[in-house]
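>>> Sequence first, predicted model second:
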Amino acid sequence: MSSLRKILSRITKIVDLLNQHEVRGRWILSIIFILTISLLLPRGSRNIFHFEIGKVWQSPDLVAPFDFSIRKDDASYERDKQAALESVYPVFIKIPIQIEQNRAQIDHYFQALIQIQKDLKQGLSEHEVEKRLNLNIPTIDIDDFKTVISASSNPESLLDSLRKKSLELFDNIYEVGYIDVPKSELNGLFASLRIIESHEKVVEIALLYDNFKIEKEINTTITSINSRAAQFIQELLRKYCQPNYSYNQVLYEEERQVAINAVSKFEGKIHKGQLIVANGQRTTAEMGYILRSLENEQEYRSGPYSVWLSFLGHLILVTVLTSLLLLFLFTSRYEVYHQNNRLIFIYATLLLMTLILIGISQLTQVFVKDFNINLFYAAPLCIAPIMITIFLDERIGFFANTFVALLGGIIISGGFEFFFIQACVGTVAVYNLKVLSKRSQLFNLSFLMILVYCLTYLGYELYIHGRFSAINYSNLVVFALNVILTQTAYPIIYLFEKIFSFTSDLTYIELLDTNHPILRELAIKAPGTYQHSLQVANIAEASARCIGANSLKVKVGALFHDIGKMNNPEYFSENQQGGYNPHSYLSPQESAEIIISHIADGVKIAQDYNMPTEIIEFIQTHHGTSRVEYFYRNYIKNDTGVVVPEYSFRYKGPLPTTKEMAILMIADSVEAASRAMNNPTAEQIEELVQKIVSYKISDNQLVDSSITFKELSKVKEEILRIVLNIHHKRIQYPDLVKA
């Protein structure tokens, strides 16, 4: 877990660095993205004939324009090569050694032992025995010799039996062959023994002798006669038995290469004028091999295929798509265009989808031969538009969906069907998540995606084939797999939130819970502020919805905007009870300082609880740089002679930079002001709303928020409607008659 945090921390630092150098970082990011996508796209000639195995041939009858050979598919060619290699055996060249002389030496060895035993029996001294052993048989000393013969009642017979077994084993070794490498290192069942390179004798590898087999047979045969004799007989055979066949790796590899070269890449031939596939005929795997062979022959006749030109084509296509994306962001989403962390997020998401699509398309080439399915439909490309819509907005999500659908059309042969289906499903996903207000939407979307996948696929297939029998219904299962894989978008959301410092609507939904520790503490320490925040949240949410702003985001921001008042709750009028006002004992400057400090206090509390950056921005901007008007006017009225600059009575900002922040500023001011009014009339409330909005405009508090006058007009109407409902007069109930 700690290593994951370190990785995330490093990635975040890189993102921050690129964000600091906006223009240069944007160009670097775009170039890296274009080059990476272009390099990832599969290289290779595009299909001249657009077809899929199992589908009906829609083009006119195809007749062979010339003679050509049918190329084997890769699997068949590999099987034939493997079969050819299995007929090539490891090669061993015979080594000239003195077999008869070595055999005679072994015989002499035992004859000497038998003679020594006879002399020992006739009274030869041990000293003389040891002397003769050292002279004739240096591999055995007198103690070993006496140990061997003492185990038998007839030592001469024992030694003669050992002699015969040793010579028999010696003869067997050279009758079959003794190789100079361990048999465990050889492949296959047979070996080729060559007296000369042109004369071959094929022998089962299991029958050949190597050091391990010789030792094993010594232990088996000699131990059964005399277990004490096995060791010195092993030394004897090791001395007089040498391999008579040597492994020749070079010759073996040459013969393997000859065998591979002899395997033909073709099987059968098509003659000029021969019908290959007729219109309306279903394409089979065999037809596919013929069509691929015709494509290869046509490419060969028209000139060699250039990988570099293919890469250049990919580079141009990806550059065009990326340029369109940047143009869209520059013209329609200027704030995203100028924030490199958001651009990195978009590029990273699109790159992830490209990797998934290429990976699944490679799997398709393997499985399509065995299963009648289009596995590339399992690529969960809707992850891109879903994530971009959740973090940014639906228009960028729609463009991202078009981007990945077009890439799919480039990667997949005959990709218009794929592009059409993906474009439809992705569009539904984007606009279903335009406003994410509850988690159930994510699961409802899964069923909607499956429905749209099936409808668009069936509709397209019926349009192409004109009959139900031609539809491959197995692909409907692949669509279900696609939707299941799409669910992985939701764990990725959390990861991307940490990397790019984003906040998704899912996080906002969690923060709406009034049992959040901060809100619980606010309700206890500053109940009046808590009620004020609830009212502001409702006003701001409705106002944002009426102009198409993010109502969920502004509602959460409103709930937490005044949490800094918990530090000094009694200094704020909504929390004062019993007529006690601590400002009575303070100067206007001191009072203003305490009031202004609730912004910094709120930011500190939010940071301590790791609140999202967007919520902290709501806390910082909900008063902008406006003036604490009540205490400023008291300061002017009291005129003590002490000069205090006007900015001392202003909040430190910054100004609101989004429509949501502007709405919260207005809603907060209106709710607080209307709360101070006693039994206001509709005209008074309308005048109050108009006055507050006009003051915010004249005080330049909304200049950075991008909210238009038309939108402000709608916001004023919505706020007025809600505040009037809050202050409407209720029925006066008569007192209950006491019993």
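That came through, no problem.
>>> helix or strand right after the helix or strand harbouring residue 451?
Residue 451 belongs to helix 440-465 when assigned by DSSP states H and E. Next helix or strand after helix 440-465 toward the C-terminus (DSSP H and E): helix 475-486.
>>> Check what contacts that next one and list those residues.
373-375, 377-380, 382-383, 386, 446, 449-450, 453-454, 457 (Cβ atoms under 8 Å, 6 or more residues apart in numbering). Every residue, glycine included, has its C-beta placed from N, CA and C.
>>> now swap in stretch 577-592 and tell me
570-571, 573, 594, 628, 631-632, 634-635, 638, 640, 644, 648-649.
>>> export the residues you listed to CSV and tack on neighbour count and distance to residue 679?
Shown next, in CSV, are these (neighbours: other Cβ atoms under 10 Å; distance: Cβ to Cβ, whole Å):
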residue, neighbour count, distance to residue 679
570, 15, 26
571, 18, 27
573, 15, 18
594, 18, 30
628, 21, 27
631, 22, 26
632, 18, 28
634, 17, 26
635, 21, 31
638, 11, 31
640, 10, 36
644, 14, 36
648, 15, 36
649, 25, 31
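>>> what's the closest non-adjacent residue to residue 259?
Nearest residue to residue 259 in three dimensions, chain neighbours excluded: residue 84, at 4.2 Å (Cβ to Cβ, 6 or more residues apart in numbering).
>>> My guess is the one you found contacts residue 264. True?
No: the criterion here is Cβ atoms under 8 Å, and residue 84 misses it with residue 264 at 10.3 Å.
>>> ok, which pair from the contacts of helix 475-486 is furthest apart?
373 and 386 (24.4 Å; Cβ to Cβ).
>>> who's more crowded, these two?
residue 386 (29 against 19; other Cβ atoms under 10 Å).
>>> which residues does the more buried one contact?
Taking Cβ under 8 Å, 6+ apart, we find residue 386 in contact with 397, 429-430, 433, 445, 486, 489.
>>> report the angle between the axes of the helix or strand that contains it and helix 475-486?
Element membership of residue 386 [criterion: DSSP H and E] is helix 383-391. Here the directions of helix 383-391 and helix 475-486 differ by 40 degrees (axes from the mean of the first three to the mean of the last three Cα atoms, to 10 degrees).
>>> shouldn't residue 460 be in contact with residue 420?
Yes: counting by Cβ under 8 Å, residue 460 touches residue 420, with 6.3 Å between them.
>>> Give me the most central residue, this protein.
residue 352 (6.5 Å; Cα atoms, centre = their mean).
>>> Just the pLDDT at that one, thanks.
pLDDT recorded at residue 352 is 88.
>>> Could you tell me how far it is located from residue 329?
The gap separating residue 352 from residue 329 is 19 Å, by Cβ to Cβ, to the nearest Å.
>>> And what about residue 111, helix, strand or coil?
helix (DSSP: H, G, I helix; E, B strand; the rest coil).
>>> show me the contacts for residue 154.
By Cβ under 8 Å, 6+ apart, the contact set of residue 154 is empty.
>>> cool, residue 666 as well?
Counted by Cβ under 8 Å, 6+ apart, residue 666 has contacts 543, 692-693, 696, 715, 719.
>>> can you check residue 180 too?
95, 243, 245-247.
>>> buried set for stretch 328-342?
Under the neighbour-count criterion of 16 or more other Cβ atoms under 10 Å, stretch 328-342 has 328-329, 333, 336-337, 339-342 buried.
>>> Just put these in TSV and tack on secondary structure, pLDDT and distance to residue 207.
Formatted as TSV, these follow (DSSP: H, G, I helix; E, B strand; the rest coil; pLDDT from 0 to 100; distance: Cβ to Cβ, whole Å):
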residue	secondary structure	pLDDT	distance to residue 207
328	helix	88	76
329	helix	87	76
333	coil	79	78
336	helix	81	76
337	helix	82	77
339	coil	80	76
340	helix	81	72
341	helix	80	72
342	helix	84	73
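>>> possible to save the contacts of residue 386 as TSV with pLDDT?
Shown next, in TSV, are those (pLDDT from 0 to 100):
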residue	pLDDT
397	89
429	87
430	87
433	74
445	81
486	84
489	75
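>>> mind checking how far the helix or strand in which residue 253 is found is from the chain centre?
Using DSSP H and E, residue 253 maps to helix 249-261. Mean-position distance between helix 249-261 and its chain equals 42 Å (Cα atoms, centre = their mean, to the nearest Å).
>>> what about residue 84 and residue 264, which has more around it?
Neighbour count, other Cβ under 10 Å: between residue 84 and residue 264, residue 84 has more, with 16 against 11.
>>> Which other helices and strands does the helix or strand where the more buried one lies contact?
Element membership for residue 84 (DSSP H and E) is helix 74-86. Packing partners of helix 74-86 (3 or more Cβ pairs under 8 Å, 6 or more residues apart in numbering; DSSP states H and E): helix 249-261.
>>> pull the CA atoms of whatever helix or strand comes next after the helix it packs on into PDB?
Using DSSP H and E, the helix or strand that follows helix 249-261 towards the C-terminus is strand 266-270. Extracted in PDB, the C-alpha atoms of strand 266-270 (Å, rounded to 0.1, in the frame of the first residue of the first chain):
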ATOM      1  CA  PHE A 266       1.500 -22.600 -49.700                       C
ATOM      2  CA  GLU A 267      -1.100 -25.300 -50.200                       C
ATOM      3  CA  GLY A 268      -3.100 -25.500 -53.400                       C
ATOM      4  CA  LYS A 269      -3.500 -23.000 -56.200                       C
ATOM      5  CA  ILE A 270      -6.300 -20.800 -57.700                       C
END
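>>> How much space separates the nearest residue to residue 128 once chain neighbours are set aside from residue 112?
Closest residue to residue 128 apart from its sequence neighbours, by Cβ to Cβ, 6+ apart: residue 119 at 7.9 Å. According to Cβ to Cβ, residue 119 and residue 112 sit 11 Å apart.
>>> show me where the stretch 101-250 of the chain has strands.
Using DSSP state E, counting those that start in this stretch, the strands of the stretch 101-250 of the chain run over 190-196, 199-204, 245-247.
>>> Make a markdown table from these and add mean neighbour count, distance to residue 28 and mean pLDDT to it.
As requested, the strands of the stretch 101-250 of the chain are exported to a markdown table (neighbours: other Cβ atoms under 10 Å; distance: least, Cβ to Cβ, whole Å; pLDDT from 0 to 100):
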| stretch | mean neighbour count | distance to residue 28 | mean pLDDT |
| --- | --- | --- | --- |
| strand 190-196 | 17 | 61 | 85 |
| strand 199-204 | 12 | 64 | 86 |
| strand 245-247 | 19 | 57 | 89 |
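>>> would CSV of the ones you listed with distance to residue 390 be doable?
Output for the strands of the stretch 101-250 of the chain, formatted as CSV (distance: least, Cβ to Cβ, whole Å):
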stretch, distance to residue 390
strand 190-196, 65
strand 199-204, 68
strand 245-247, 65
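>>> how about stretch 274-286: buried residues?
Result for stretch 274-286 [16+ other Cβ under 10 Å]: buried residues 276-277, 283.
>>> Figure out the length between the terminal residues of it.
Stretch 274-286 has an end-to-end distance of 15 Å (criterion: Cα to Cα, to the nearest Å).
>>> Give me the neighbour count for residue 668.
Neighbours of residue 668 (other Cβ under 10 Å): 23.
>>> buried residues in stretch 174-184?
Neighbour count says stretch 174-184 has 174, 176-179, 181, 183 buried, by 16+ other Cβ under 10 Å.
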